[in-house]
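Chemist: Sequence plus the predicted model coming up.
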Amino acid sequence: MPVRRLVLDVDKTVGEPDLIDLALVIEAVSGVQAVNIAVTEIDIETVGTNVTVEGDAIDVEALNRAIERTGAVVHSVDEVVAGAYTLENTPRSR
Amino acid sequence: MPVRRLVLDVDKTVGEPDLIDLALVIEAVSGVQAVNIAVTEIDIETVGTNVTVEGDAIDVEALNRAIERTGAVVHSVDEVVAGAYTLENTPRSR
Amino acid sequence: MPVRRLVLDVDKTVGEPDLIDLALVIEAVSGVQAVNIAVTEIDIETVGTNVTVEGDAIDVEALNRAIERTGAVVHSVDEVVAGAYTLENTPRSR
Amino acid sequence: MPVRRLVLDVDKTVGEPDLIDLALVIEAVSGVQAVNIAVTEIDIETVGTNVTVEGDAIDVEALNRAIERTGAVVHSVDEVVAGAYTLENTPRSR
Amino acid sequence: MPVRRLVLDVDKTVGEPDLIDLALVIEAVSGVQAVNIAVTEIDIETVGTNVTVEGDAIDVEALNRAIERTGAVVHSVDEVVAGAYTLENTPRSR
Amino acid sequence: MPVRRLVLDVDKTVGEPDLIDLALVIEAVSGVQAVNIAVTEIDIETVGTNVTVEGDAIDVEALNRAIERTGAVVHSVDEVVAGAYTLENTPRSR
Amino acid sequence: MPVRRLVLDVDKTVGEPDLIDLALVIEAVSGVQAVNIAVTEIDIETVGTNVTVEGDAIDVEALNRAIERTGAVVHSVDEVVAGAYTLENTPRSR
């Protein structure tokens, strides 16, 4: 039943929040064990990131609230892993 | 005899079901141990996903019913693994 | 002497057999320990698959008969592994 | 001193020999422990394969004779490994 | 809570600082255990680098100050990892 | 101090030496533990190969003499590894 | 504090120094444990190489002097690793 991994498409302005602060805010959410924020795009005013979050039972609503409270915007959830272990995606062969 | 892995091509509308809910519904199916839902396409009204499900003996009919009941649509089964262990696909060399 | 792995190019109609049934039929063949069926092509009437079968001593004739009995067609054998262990293909360097 | 791996470019007609038979004939050669036959090309009349053979001390002449006796043709030897362990090819960096 | 990895886009002039000196300055920052500086671009006057820093609890402000004091310029933070272990980025599947 | 790996660009005529013989001649050189000969090109009269040799302390001069004595030609040394362990090449990031 | 890995862009003439000699000279430098020299380009008069050096505490100045004394030229330092362990480069995701 626990959500073990979430991959989120998160945008922020260049200035706010600071990436380090965003990482620490995410890491403090209940059920989160580790976070990786990778910058995928830098534009004049915004920074696009790919946020990977892992934990034993991530509190997804608290995670979303925590991210939005920093001023960053969650555009989409791009991967969800739930269950007894962290299962990787098996890409299609066609 | 047990089905150990299924990879499904599943579409949903942008609004319903929520990806987290879909993952938890799948994870609650008899015989399922873990699920990975990876978003492969976002259109104006629909979201395309690749759903990987693993378990010791997945109840395939219950899985299909559970997914359809959320409002999501199973377009195709793209991989099936059965037997004593989880065997990977060996791609052709030609 | 045992055949340890076979990779088969198998076609079926969209309707018959069901992929799960095909996997379970293959898995029940003498000497088969695990099967992976990966869909490589979906056309209007047919589904192309890559079937990987592993075991300690696969009964190849029984395997072919079992597949054909479901209505699926074996187009070709694309890889055979025999011997004391499961040896991978070493691709040419030229 | 032992030859530990051979990779051979082997062609056969579509009909003869059967790939399974070819694998079992190779596997029965003195010093052979395992064989992988991967189909690399299917033409109207011929099938091209990449044959990987491993063992502690492969009897190369007996291997060639055994393959030719089935009606298949060895076009070239594409890799030879000899020595105390199975050394992989290190591709050039230029 | 600790920041475990930072990836920085750092530019320097061809002459100053020396790459070895830059590595040793970064390595001396509180909480840093190891640093990798990879040159990604060499222009007439400037050298572009990708700086990976790992540690149990990197002092990010001290790190930035230490780099700027050498005369090098931090253009952007491209990856941040925080939490109980070093989590890798999971790239999107779309 | 020992040379642990050499990668050589070696050409031979189609007829002479036989690849197996070349492998066994190399393997018999003082300090050689294992050899991999991979064919990279087959022309009308010549065969191009990539020869990887490993050992605890390869006698490089004896190796060159042994190869030339078979009639094969060493065109270039493409990789040398020396020291306490077998270090892989780290490719540039630019 | 120790420099654990250096990757250098080193050119030499076709004739001098011999690649084996260059490897042994580098390997004899204080703090060096292993060296890999990979040839990246062969021109009419010069040979371009990628030199990877690892050790517990490489004496960088002695290394540069040793290479230059052989007649080879160090064009640039392309990677530096320092610290408690050998950290790999994490490439950018943008």
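Modeler: Structure received. Fair warning: this is a prediction, and the values are worked out from it, not measured in the lab.

Chemist: hang on, A:Ala66 in a helix?
Modeler: Yes: assignment of A:Ala66 by DSSP: H, G, I helix; E, B strand; the rest coil places it within a helix.

Chemist: Isn't it up against A:Glu27?
Modeler: No: with contacts counted by CB atoms under 8 Å, A:Ala66 stays clear of A:Glu27, the gap being 9.7 Å. Every residue, glycine included, has its C-beta placed from N, CA and C.

Chemist: Spatially nearest residue to A:Leu8, not counting backbone neighbours?
Modeler: A:Val51 (4.4 Å; CB to CB, 6 or more residues apart in numbering or on different chains).

Chemist: One more: A:Ala84?
Modeler: Nearest non-adjacent residue to A:Ala84, counting by CB to CB, 6+ apart: B:Gln33, 4.7 Å away.

Chemist: can you give me the helices in chain A?
Modeler: Using DSSP state H, the helices found in chain A span residues A:19-27, A:60-69.

Chemist: about what we covered before: look at A:Ala66 and A:Glu27 and report which has more neighbours.
Modeler: Set side by side, A:Ala66 and A:Glu27 show more neighbours around A:Glu27, with 23 against 19, by other CB atoms under 10 Å in any protein chain shown.

Chemist: can you pull the contacts of the more buried one?
Modeler: A:34-35, E:1, E:82-83 (CB atoms under 8 Å, 6 or more residues apart in numbering or on different chains).

Chemist: interface residues of chain A facing chain G?
Modeler: Contact residues (CB under 8 Å from any CB of the partner chain) of chain A with chain G: A:38-42, A:50.

Chemist: For ChimeraX, write a command that selects the buried ones of those residues.
Modeler: Applying 16 or more other CB atoms under 10 Å in any protein chain shown to the residues of chain A next to chain G leaves a buried subset, and the ChimeraX line that selects it is:
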select /A:38,39,40,50
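
Chemist: so what's the most centrally placed residue in chain A bridging to?
Modeler: Against the mean C-alpha coordinate of chain A, by CA atoms, centre = their mean, the closest residue is A:Val51 at 3.4 Å. Bridge pairing for A:Val51 (DSSP bridges) gives the partners A:Leu8, A:Ile37.

Chemist: And the pLDDT for it?
Modeler: pLDDT for A:Val51: 98.

Chemist: do the one 10 residues further on as well
Modeler: Turning to A:Glu61, the model gives it a pLDDT of 96.

Chemist: burial count for it?
Modeler: 11.

Chemist: Next: A:Ser30.
Modeler: Residues near A:Ser30, counting by other CB under 10 Å: 12.

Chemist: Show me what counts as buried in stretch A:5-14.
Modeler: A:5-10, A:12.

Chemist: With stretch A:79-87 instead?
Modeler: Neighbour count says stretch A:79-87 has A:79-83, A:87 buried, by 16+ other CB under 10 Å.

Chemist: give me the residue from chain A nearest chain G.
Modeler: A:Ala38 (4.2 Å; CB to the nearest CB).

Chemist: Tell me how far that residue lies from E:Asp59.
Modeler: Going from A:Ala38 to E:Asp59 by CB to CB, to the nearest Å gives 22 Å.

Chemist: about what we covered before: residues in contact with the residue nearest to A:Leu8?
Modeler: By CB under 8 Å, 6+ apart, A:Val51 lies in contact with A:6-10, A:26, A:35-38, A:67.

Chemist: What about the residue of chain A found nearest chain E, how many residues nearby?
Modeler: Here chain A gets closest to chain E at one residue, A:Ala34, 3.2 Å apart by CB to the nearest CB. Number of residues near A:Ala34 (other CB under 10 Å) recorded here: 21.

Chemist: How about the contacts made by it?
Modeler: Shown in contact with A:Ala34 (CB under 8 Å, 6+ apart): A:27, A:53-55, E:4, E:81-87.

Chemist: The same query, at a cut-off of 6 Å, please.
Modeler: Neighbouring residues of A:Ala34 by CB atoms under 6 Å, 6 or more residues apart in numbering or on different chains: A:54, E:83-85, E:87.

Chemist: and what of A:Leu24?
Modeler: Contacts of A:Leu24 (CB under 6 Å, 6+ apart): E:Ala82.

Chemist: Same check on A:Val29?
Modeler: By CB under 6 Å, 6+ apart, the residues touching A:Val29 are A:59, A:62-63, A:66.

Chemist: Can you check the distance spanned by stretch A:66-85, start to finish?
Modeler: 25 Å (CA to CA, to the nearest Å).

Chemist: tell me which residues in stretch A:46-66 are buried?
Modeler: The neighbour-count check on stretch A:46-66 (16+ other CB under 10 Å) flags A:47-55, A:58, A:60, A:63-64, A:66 as buried.

Chemist: Quick one: end-to-end distance for that stretch.
Modeler: Its first and final residues considered, stretch A:46-66 spans 19 Å by CA to CA.
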